[in-house]
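>>> Take a look and give me a structure for this.
(chains A and B, ligands or ions: 3)
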Amino acid sequence: MTQKHDKHLILDNCIKCSICVANCPVVKVTDKYAGPKQNGPDLERFRLDEPRAVHPSIEYCSNCKTCDVVCPSGVNVSAMNCKAKGEYVALHGAPIRDQVLGRVELICKAAQIAPALVNWAANVKPFRAIGEATFGVAADMPFPRFASRTFLQQYKPKKINNPKGKVLYYPGCYVNYYTPQVGLALAEVFAHNGIEMVVDSFNCCGLPTVSNGLTEVAKGYARNNVAKLNSYIEKGYKIITTCPSCNLTLRQEYHELFDMDTVRINNETYDAFEYLLMLHEAGKLDTRLKALPQRFGYHQPCHLRSVGFGIPSLEILRLIPQLEVHNLEAGCCGLSGSYGFKKEKYPISQEIGQNVVQAIQEAGVTQNITECGMCQLQINHLSGLPIHHPIQLLAEAYGLPSYLPK
Amino acid sequence: MMNKKTDVLVIGAGLSGMMAAARAAQSGKKVTLLTKGMGTLSLTSGCIDLWGYEVDNPKQPCGSPFAQIQKVVEQNPSHPYAKVYDVLKESLTFFQGICDKDGLTYRDNGGENWLLPTAVGTLRPTYLAPTSMAVKDLNKVKQIVVAGFDELKDFYPEVLVTNLKKSKLLRPDCELTVAHLKSGWKKLYATSLAHRLEQPEGQREVIRQLKPLIKPGAIVLFPPALGERRDIDVAGLISKGLGCPVYEVTNLPPALPGQRLQDLFLKYLKNQGVTVILSSTVTGAQVAGNRCSHVTAEGAGKTFTISAQTYILATGSFVGGGFDSKPGQIEETIFGLPINTGDGKWASGEFLSLKGHPFNRFGIDVNDRLQPVDGQSKVILENVLVTGANLAGSEFSIEKCGNGVALASGFKAGKLAGEVSR
Ligand SMILES: Cc1cc2nc3c(=O)[nH]c(=O)nc-3n(C[C@H](O)[C@H](O)[C@H](O)COP(=O)(O)OP(=O)(O)OC[C@H]3O[C@@H](n4cnc5c(N)ncnc54)[C@H](O)[C@@H]3O)c2cc1C
Ligand code: SF4
Ligand code: SF4
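Numbers count the residues shown, from 1 in each chain, chains lettered A, B, ... in the order given. Ligands and ions are numbered 1, 2, ... in the order given. Prediction:
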């Protein structure tokens, strides 16, 4: 397996070609960021001896991981950046805003007292103006809306006789609190295909926490999650995610950032469509799908791209007759989790997202799909068009409840 | 472990891999392109070199590259061109067709090489150049304005002008003018400059600063950063605003022209139904007899296998990451194919030797079906085809044939893979 990176070795692999700089979406639109090469391998060399050698512009890295994907030499630039951000925050502290935005889990839990009230308050203009002036939370970026009941509150496991497989679903904060319909549609698809699906309560994967430099908090989440996931794996469960960022974090980031041993988790964790594709290759997927004569634009989330497994959802959706899915191929949407909610980064995030807007116009689509909740939020904000998770289309084509708006 | 099936697996997303995928897809094959990272295209000028200098007089830029390549093929049957000469012209037409359809026209100079100004003011022979670089009739130009940006590192208009002045190609009365433009940013990278120039304000700013310097019969040379997106013709828009032709010079990595070509091809392939898997590295192969049965690929964590009828090895030798050198030993990392290292010497004594460096010639020996062969010309793996910089026997930096060899060999491999029956 891959978990044998020697940090010094990877660092020495950098041939200074600047391909990462040429592809970094943030560098392209602002002069406030020194760039992946300088913040990554250039300064990492010094950081090996002097952990404090961090460029203050590090906070402008959005952790989109484009640099890792394009580097021809396998340098894990973004992990160097994440660690450096952690060092920087440990040394200089993080603004209250980042401490709050990074703790998605806490915000979500708190909001459960009265989701409707929070939704209302979150979109009242004067409140948002105060939020921007006082805390630096961009007033123009809409917050996602809390669902009235979480996924975990709504999901009722179905009894499946002679299951073809058993899985533990890790919904992640976004699906659990904002888009439970994604988890519910997944449950329908799995049950239909004879897969037993269980759930449990977990911590946030920790990615938003890492992105805000709150490394210690994230490490705590990681420890809890790893222990619990392993206990399920021991009982023969595969771990399923629908959020590409959770997927990447469980599989790779815990190892890269905290040196945890996640070989087993890595092997047993699947994106929902990756799992379905595996069933399909084994001839176990029901392919009796009804025609969906519609067109959708598809946006590939950065973190799905960086897992290095292609786009399994597109391979499965191809089985649906008459469905036309146009891959937008527009790169990063710009939001990068909490990044685009920050006042000073909102313009950067919107500027990066123009590529997606442009691709949508070029393709002439009026509805889109993407796996990541945050990408959904940004693309809807940028384009005003409806956007869903691809699993909902699959559920629809099976004639199951898809929770798509009618 | 999950196994994916495909007809043709192309390993590597450099020019040769992308050409191979494009050509194989045209034959109706199910094609998967899997790559660790982006290829060297974005380090190159973005121009397609075929052959730069006279074979018999290496200091003299050649006119028609085809005449020279014919000589090479006759004199040196182990040169990669000898294996792909049959498809050379066909592959260029195929390439130009793909680019043309997307509006990124690659121009030839009527069968002769272009001589295009570089960032340091020398003239570089090349065969195909995008419209934004293809400077026409340099010998008739009355004024050359070189536009630099104070905030952009690595591009020094004075150096360009000083060296270009020495060229005998220019009219003796050609006036060379340096323009230092201000962008208002603290610092610029090629991509951020390109992004600014895509915005109307960015173009207006540049036009406003340049306009007073332009005289009749002038052209303007820019660093290779006139936009990244292919739907905005930055060179055309600035040219219209100034009323004179504007061009990008060559040779300044990372340059946008190579990047545009890379983006164009990846998008083209996906539209052709090619499955593209980024950020995944092929780490090993299962071989039975003289056939490969599957390879193992590792993503950011996930490992899976892929089986195919044909495997195209487009991993780009040392720079691309396909070869690895350990003390006393060089290896091809996936199939362990033998690397022909000539007499085993790595470098010539002189760094800028006109003969180039032996290590650039290191590579895999193939037959004229691009199958890897051993010292006795016996095929090692019959369903593996080798392309581009992986091929033994060419010295791209001296011969100026890198993208030409990549393009023709990729095309041929794709074509051969397309002929394999199911
Ligand atoms: C700095 C520089 C400038 C140049 N300028 C020019 C120029 O102006 N004009 C010109 O004609 N030629 C130029 N060349 C030469 C030319 O770029 C190359 O010869 C040619 O592009 C090589 O293409 P390729 O497809 O063979 O390999 P590459 O472009 O090197 O691509 C190799 C690909 O393989 C991938 N890869 C490697 N190992 C693995 C693995 N194990 N698993 C999966 N993927 C893998 C890499 O990530 C990469 O995508 C230049 C070369 C360099 C280095
Ligand atoms: S990190 Fe990778 S892409 Fe960036 S300069 Fe180094 S080798 Fe090139
Ligand atoms: S993670 Fe994204 S924003 Fe950060 S350096 Fe890499 S490419 Fe740039």
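>>> Can you tell me the element A:L394 falls in?
Take DSSP states H and E as the rule and A:L394 turns out to sit in helix A:390-397.
>>> of all the residues in the stretch 201-350 of chain B, which ones are close to chain A?
Near chain A, the residues belonging to the stretch 201-350 of chain B are B:228-229, B:231, B:253-254, B:259, B:266-267, B:270, B:275-281, B:297-304, B:316, B:319-321 when assessed by C-beta under 8 Å from any C-beta of the partner chain. Where you see a C-beta, it was placed from the backbone N, CA and C, and this is true even at glycine.
>>> Kindly recompute the last result at 10 Å.
Residues of the stretch 201-350 of chain B lying close to chain A by C-beta under 10 Å from any C-beta of the partner chain are B:228-229, B:231-232, B:253-256, B:258-259, B:262-263, B:266-267, B:270-271, B:273, B:275-281, B:283, B:297-304, B:315-316, B:318-321.
>>> tally of neighbours for residue 92?
I went with chain A, as the question did not name one. Close neighbours of A:H92, defined as other C-beta atoms under 10 Å in any protein chain shown, add up to 13.
>>> hmm, I had chain B in mind actually
20.
>>> now do A:N119
One way to gauge burial is a neighbour count; for A:N119, by other C-beta under 10 Å, it gives 16.
>>> Provide the count of other residues in contact range of residue 120.
Because you didn't say which chain, this covers chain A. Using other C-beta under 10 Å, the number of residues around A:W120 comes to 12.
>>> wait, I meant chain B there
Taking other C-beta under 10 Å as the definition, B:V120 ends up with a neighbour count of 16.
>>> Which of the residues of the stretch 201-350 of chain B next to chain A fall within helices?
Members of these lying in helices (criterion: DSSP state H): B:L256, B:G258, B:Q259, B:Q262, B:D263, B:L266, B:K267, B:K270, B:N271, B:F318, B:V319, B:G320.
>>> Need the per-residue pLDDT for the third one.
Model confidence at B:Q259, expressed as pLDDT, equals 90.
>>> Could you do the fourth one as well?
On pLDDT, B:Q262 comes in at 94.
>>> Surely it and B:M38 touch.
Yes: contact criterion C-beta atoms under 10 Å: B:Q262 and B:M38 qualify, at 6.1 Å.
>>> For those two, list the residues in contact with both.
Shared contacts of B:Q262 and B:M38, defined by C-beta atoms under 10 Å, 6 or more residues apart in numbering or on different chains, comprise A:I19, A:A22, A:N23, A:V70, B:A13, B:G14.
>>> before we move on, the earlier item: select from the ones in helices among the residues of the stretch 201-350 of chain B next to chain A the one having the most neighbours.
Within these, neighbour counts (other C-beta under 10 Å) peak at B:L256, which reaches 28 neighbours.
>>> In chain A, which residue is most central in space?
Relative to the mean C-alpha position of chain A, the nearest C-alpha, by C-alpha atoms, centre = their mean, is the one of A:S245, at 2.7 Å.
>>> List the contacts of that residue.
A:63, A:65, A:172, A:174, A:205, A:207-208, A:211, A:253, A:301-304, A:306, A:336-337, A:371-375.
>>> of these, list those near chain B.
Answer for the contacts of A:S245 near chain B (C-beta under 10 Å from any C-beta): A:K65, A:E253, A:H303, A:S306.
>>> sorry, back to before: can I get the ones in helices among the residues of the stretch 201-350 of chain B next to chain A in CSV including distance to ligand 1?
Formatted as CSV, the entries for these read as follows, by distance: C-beta to the nearest ligand atom, whole Å:
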residue, distance to ligand 1
B:L256, 13
B:G258, 8
B:Q259, 13
B:Q262, 9
B:D263, 14
B:L266, 11
B:K267, 16
B:K270, 16
B:N271, 20
B:F318, 9
B:V319, 5
B:G320, 3
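>>> from those, which two are the most distant?
Greatest spatial distance among those (C-beta to C-beta): B:N271 and B:F318, at 32.0 Å.
>>> Enumerate every residue touching B:A20.
B:A20 sits in contact with B:8, B:10-12, B:31, B:33, B:310, B:312-314, B:370, B:385, B:387-388, B:406, B:409-418, where contact means C-beta under 10 Å, 6+ apart.
>>> Point out the residues in the stretch 201-350 of chain B that sit beside ligand 1.
Applying the criterion C-beta under 6 Å from any ligand atom, the portion of the stretch 201-350 of chain B that neighbours ligand 1 consists of B:P253, B:T281, B:V282, B:A314, B:T315, B:G316, B:V319, B:G320, B:G321, B:G322, B:T333, B:I334.
>>> most neighbours, which of those residues?
Ranked by neighbours (other C-beta under 10 Å), those are led by B:A314, which has 32 neighbours.
>>> coming back round to it: looking at the ones in helices among the residues of the stretch 201-350 of chain B next to chain A, which is nearest A:V198?
For these, the closest approach to A:V198 (C-beta to C-beta) belongs to B:K270, at 36.4 Å.
>>> Which of the helices or strands spans the residue of chain A found nearest ligand 1?
Taking C-beta to the nearest ligand atom as the measure, the point where chain A comes nearest ligand 1 is A:P72, at 4.4 Å. Using DSSP H and E, A:P72 falls within no helix or strand.
>>> my read: it touches B:Q262, true?
No: the pair A:P72 / B:Q262 is not scored as a contact, 11.7 Å apart, by C-beta under 10 Å.
>>> what's the overlap in contacts for the two?
Contact criterion C-beta under 10 Å, 6+ apart; residues shared by A:P72 and B:Q262: A:I19, B:A13, B:G14, B:M38, B:G39, B:T40, B:S42.
>>> Ends of stretch B:3-18, what's the gap?
23 Å (C-alpha to C-alpha, to the nearest Å).
>>> can you pull out the strands in the stretch 151-300 of chain B?
Along the stretch 151-300 of chain B, counting by DSSP state E, counting those that start in this stretch, strands occupy B:175-181, B:218-222, B:246-248, B:275-277, B:281-288, B:291-298.
>>> tally of neighbours for the residue in the stretch 201-350 of chain B positioned nearest to ligand 3?
Nearest residue of the stretch 201-350 of chain B to ligand 3, counting by C-beta to the nearest ligand atom: B:S279, 12.5 Å away. Residues within reach of B:S279, counting by other C-beta under 10 Å, total 24.
>>> and what of A:F46?
Here the number of neighbours of A:F46 (other C-beta under 10 Å) works out to 12.
>>> Is it correct that it is in contact with A:V54?
Yes: taking contact to mean C-beta under 10 Å, the distance of 9.4 Å between A:F46 and A:V54 places them in contact.
>>> related to what we said a few turns ago, the contacts of A:S245 in strands, which ones?
With strands taken from DSSP state E, there is no overlap with those.
>>> Out of the shared contacts of B:Q262 and B:M38, the closest to B:L221 would be?
The shortest separation between B:L221 and any of the shared contacts of B:Q262 and B:M38 is 20.8 Å, and it belongs to A:A22 (by C-beta to C-beta).
>>> ok, the closest one - contacts?
Neighbour list for A:A22: A:28, A:35-37, A:67, A:70, B:38, B:42-43, B:189-191, B:194, B:228, B:253-256, B:258-259, B:262 [criterion: C-beta under 10 Å, 6+ apart].
>>> Output the helix or strand where it lies as CSV, restricted to C-alpha atoms.
A:A22 belongs to helix A:19-23 when elements are defined using DSSP H and E. Backbone C-alpha positions of helix A:19-23 (Å, rounded to 0.1, in the frame of the first residue of the first chain) are rendered in CSV as follows:
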residue,chain,number,x,y,z
ILE,A,19,3.5,23.0,-12.7
CYS,A,20,1.7,23.3,-9.3
VAL,A,21,2.0,27.1,-9.5
ALA,A,22,0.6,27.1,-13.0
ASN,A,23,-2.4,25.2,-11.9
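>>> Would you map the strands across the stretch 301-406 of chain A?
In the stretch 301-406 of chain A, strands defined by DSSP E, counting those that start in this stretch lie at A:324-327, A:368-369, A:387-388, listed in chain order.
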